[in-house]
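J.: Predicted model and sequence below, questions to follow.
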Amino acid sequence: MGHEKLYFKAWFQAFWLLYFKTWLHAFIWSHEFLHFQREMCMQKSIVVKILWGGLMRIELIQPLHAVYGKLGKRESFIFKPAQLTMPYLAALTPPDVEVSISDEMVEPINFQKEADLVGITFVTPFAYRAYELASLYRRNGRTVVMGGPHASLLPEEVKKHSDAVVIGEAEDTWPMLIEDFKNNRLKPFYKSNSPELHSIPHARRDLLKREKYIIPDIIQATRGCPFSCDFCALSSIYGKGHRLRPVDEVIREIETFQGNTFIFWDDNLVGTPRYAKELFTKLIPYRKKWLGQGSLTITKDRELLELASKSGCIGLFIGIESVSQDSLNLVNKGFNKVDTLKYDIKKLHDSGIIVWAGMIFGFDTDDKSIFKRTIEVAIKAAIDGISFSILTPYPGTRLFQKLETEKRILHYEWAKYNSEYVVFIPKRMSPEELQEGHDWANKEFYSIPSIVKRLFKSRTQLSLNTRLNLADRRYSYGRFK
Ligand code: SF4
């Protein structure tokens with residue numbers, strides 16, 4: 001009996017050991033397998049992940065230019081209307097894919113966030129930061145896709161820093177790219193064919209942190225511009241012509257806006273007057289306020305200007321570009337007339353619209369007198385605000401080709417292609433004189449006497465106007481010492 005007990009105990013222990021070992025192996029094996037599966041998913045095996053019922057995740061990133069990173073809280077606030085590209089890409093993403101947006105302009109990027117695919121969009125001066133981010137993500141096994149103006153203008157350069165490049169627009173490329181990625185057959189380039197703008201989805205503004213933006217409600221009604229100014233990269237990105245979204249579709253999207261003020265992110269909203277008139281007419285009953293971008297041609301069409309005002313337009317960014325008619329004619333923008341500028345601005349003010357002008361220094365006909373002349377004209381005409389730029393030959397433009405042929409490009413440091421630095425040899429002054437003149441004009445225009453004189457003459461949207469001027473003054477005095 002004693003032996004039987006011992007045998008039974010020994011058998012029981014052996015059985016238990018065997019059972020435990022098998023269980024332990026099974027546990028370790030399953031744990032390792034799960035780990036392996038996760039690794040496979042983290043690295044580019046999206047097919048495995050989807051087969052195992054995993055959800056594909058996309059992180060869309062808007063990088064930050066170093067210059068804005070240095071701005072104080074109050075100065076940078078003014079530069080923070082929400083951007084449209086990423087909310088729009090998110091809207092074009094199939095519903096079975098989880099998508100999130102990170103805008104480095106308003107918060108630091110969380111690199112720990114899980115993502116199978118990372119999309120980065122950027123303009124030329126943001127290129128280095130975009131490449132830095134791409135390199136960080138790729139080192140961690142993420143697939144990186146890049147798009148936006150710089151990628152569309154220089155796809156070969158951008159491809160060196162990414163797994164795929166989107167050239168041009170997203171409607172006819174983004175869904176295809178995602179499908180290819182899911183099936184492990186990503187192509188190096190996806191080129192858009194300037195698609196029609198009907199039935200496009202509403203931008204996913206719900207993915208933005210509304211409280212971080214000065215104006216979170218944004219929309220685009222048209223794409224491109226009917227004009228073709230030599231320095232403008234628009235036709236190289238969007239092709240020639242002005243494409244229009246059906247007015248009723250634009251209105252339906254505006255109906256979803258929570259705020260009372262919104263932005264039209266069009267390059268030239270009034271480029272096709274017939275369309276703009278229909279849009280503005282249908283917008284009137286909503287009693288919203290809006291800001292946008294348009295050409296000075298709006299002042300030549302009384303009905304268009306009246307409708308813009310009635311529909312809630314309170315401010316327009318207008319490319320006035322120069323107070324020298326020779327310069328305007330030279331760069332194919334002779335439709336802006338210096339002689340009538342003062343009256344054109346007055347018409348806008350009389351309609352309750354403030355004018356933020358784009359002004360460029362460094363055209364081949366500009367000499368050192370251009371800076372003082374510009375300030376004099378701007379104060380006389382009571383231009384409400386000006387973004388002063390140094391002529392910048394963006395890659396892909398006619399201007400870039402011309403200056404490169406003439407061997408006048410000084411360098412290709414993209415971070416300085418932000419319109420605040422001289423990157424080429426001007427014709428009628430030295431690069432240093434151009435830089436100094438630009439910096440001087442900035443400070444002069446935003447000096448207190450200039451602000452007071454202009455506000456007094458303009459008397460348009462005074463509260464908004466004053467805040468914008470003071471913010472721009474802080475920016476100009478901070479940047480152009
Ligand atoms: S009018 Fe403005 S948007 Fe149109 S081509 Fe000229 S600079 Fe570009």
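T.: Perfect, thanks for sending it. Numbering: from 1, shown residues only.
J.: Surely D472 is in contact with F388?
T.: No. Contact between D472 and F388 fails when scored by Cβ atoms under 8 Å: they sit 10.1 Å apart. All C-beta atoms are positioned from the backbone trio N, CA, C, and that covers glycine.
J.: Compare the two (neighbour count), which wins?
T.: F388 (26 against 21; other Cβ atoms under 10 Å).
J.: To which secondary structure element is N469 assigned?
T.: Taking DSSP states H and E as the criterion, N469 maps to helix 462-479.
J.: CA-only coordinates of that helix in CSV, if you can.
T.: Extracted in CSV, the C-alpha atoms of helix 462-479 (Å, rounded to 0.1, in the frame of the first residue of the first chain):
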residue,chain,number,x,y,z
LEU,A,462,-11.9,98.6,-36.5
SER,A,463,-11.7,96.1,-33.7
LEU,A,464,-10.4,93.2,-36.0
ASN,A,465,-8.2,95.7,-37.9
THR,A,466,-6.5,97.0,-34.7
ARG,A,467,-5.9,93.5,-33.4
LEU,A,468,-4.4,92.3,-36.6
ASN,A,469,-2.2,95.4,-36.9
LEU,A,470,-0.9,95.0,-33.4
ALA,A,471,-0.2,91.3,-33.8
ASP,A,472,1.6,92.0,-37.1
ARG,A,473,3.6,94.8,-35.4
ARG,A,474,4.8,92.3,-32.7
TYR,A,475,5.7,89.8,-35.4
SER,A,476,7.6,92.4,-37.6
TYR,A,477,9.4,94.0,-34.7
GLY,A,478,10.3,90.6,-33.3
ARG,A,479,11.5,89.2,-36.6
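J.: For G119, give me phi and psi.
T.: phi -110, psi 130 (degrees, to the nearest 10).
J.: What residue in the stretch 1-150 of the chain comes nearest to the ligand?
T.: Of all residues in the stretch 1-150 of the chain, P149 sits closest to the ligand, at 12.4 Å by Cβ to the nearest ligand atom.
J.: what's that residue sitting at in phi/psi?
T.: phi -60, psi -50.
J.: again with T222
T.: The phi/psi pair for T222 (degrees, to the nearest 10) is phi -130, psi 160.
J.: That one - how many residues pack around it?
T.: Neighbour number of T222 under other Cβ under 10 Å is 23.
J.: Quick check: it vs I251, distance?
T.: Distance, T222 to I251, using Cβ to Cβ, to the nearest Å: 14 Å.
J.: do the same with F126
T.: From F126 to I251 the distance is 33 Å (Cβ to Cβ).
J.: So which of those two has more stuff around it?
T.: Set side by side, F126 and I251 show more neighbours around F126, with 27 against 15, by other Cβ under 10 Å.
J.: pretty sure L269 belongs to a strand, no?
T.: No. L269: not assigned to a strand; according to DSSP: H, G, I helix; E, B strand; the rest coil it is coil.
J.: worst-scoring helix or strand of the protein, pLDDT-wise?
T.: Least confident helix or strand of the chain, by mean pLDDT, DSSP states H and E, is helix 73-77 with a mean of 46.
J.: immediately after that helix, which helix or strand?
T.: helix 85-91.
J.: Strand partners (parallel or antiparallel) of the next helix or strand after that next one?
T.: The helix or strand immediately downstream of helix 85-91 is strand 97-103, counting by DSSP H and E. Strand 97-103 pairs in its sheet with strand 56-62 (parallel), by DSSP bridges.
J.: can I have the strand it pairs with written out in PDB, keeping just the CAs?
T.: Output of strand 56-62 as PDB, limited to C-alpha atoms (Å, rounded to 0.1, in the frame of the first residue of the first chain):
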ATOM      1  CA  MET A  56      -5.300  50.200 -40.400                       C
ATOM      2  CA  ARG A  57      -4.200  53.500 -38.800                       C
ATOM      3  CA  ILE A  58      -3.100  56.600 -40.600                       C
ATOM      4  CA  GLU A  59      -1.500  59.600 -39.000                       C
ATOM      5  CA  LEU A  60      -1.600  62.800 -41.000                       C
ATOM      6  CA  ILE A  61       1.000  65.400 -40.100                       C
ATOM      7  CA  GLN A  62       1.300  69.100 -40.800                       C
END
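J.: how distant is it from the center of its chain?
T.: 16 Å (Cα atoms, centre = their mean, to the nearest Å).
J.: avg pLDDT for it?
T.: For strand 56-62, mean pLDDT rounds to 96.
J.: What confidence value was assigned to the residue lying closest to V106 once chain neighbours are set aside?
T.: The spatial neighbour of V106 that comes closest, neighbours along the chain excluded (Cβ to Cβ, 6 or more residues apart in numbering), is K212 at 4.0 Å. The per-residue pLDDT reported for K212 equals 88.
J.: Check K347 too.
T.: Here the pLDDT value assigned to K347 is 98.
J.: nearest residue to A357 other than its sequence neighbours?
T.: I320 (4.3 Å).
J.: Assign a three-state SS to the one you found, would you?
T.: Criterion first, three-state DSSP; result for I320: strand.
J.: Relative to N465, how far out is it?
T.: 17 Å.
J.: Which one's more surrounded, those two?
T.: Comparing I320 with N465 by neighbour count (other Cβ under 10 Å), the higher total belongs to I320, at 26 against 22.
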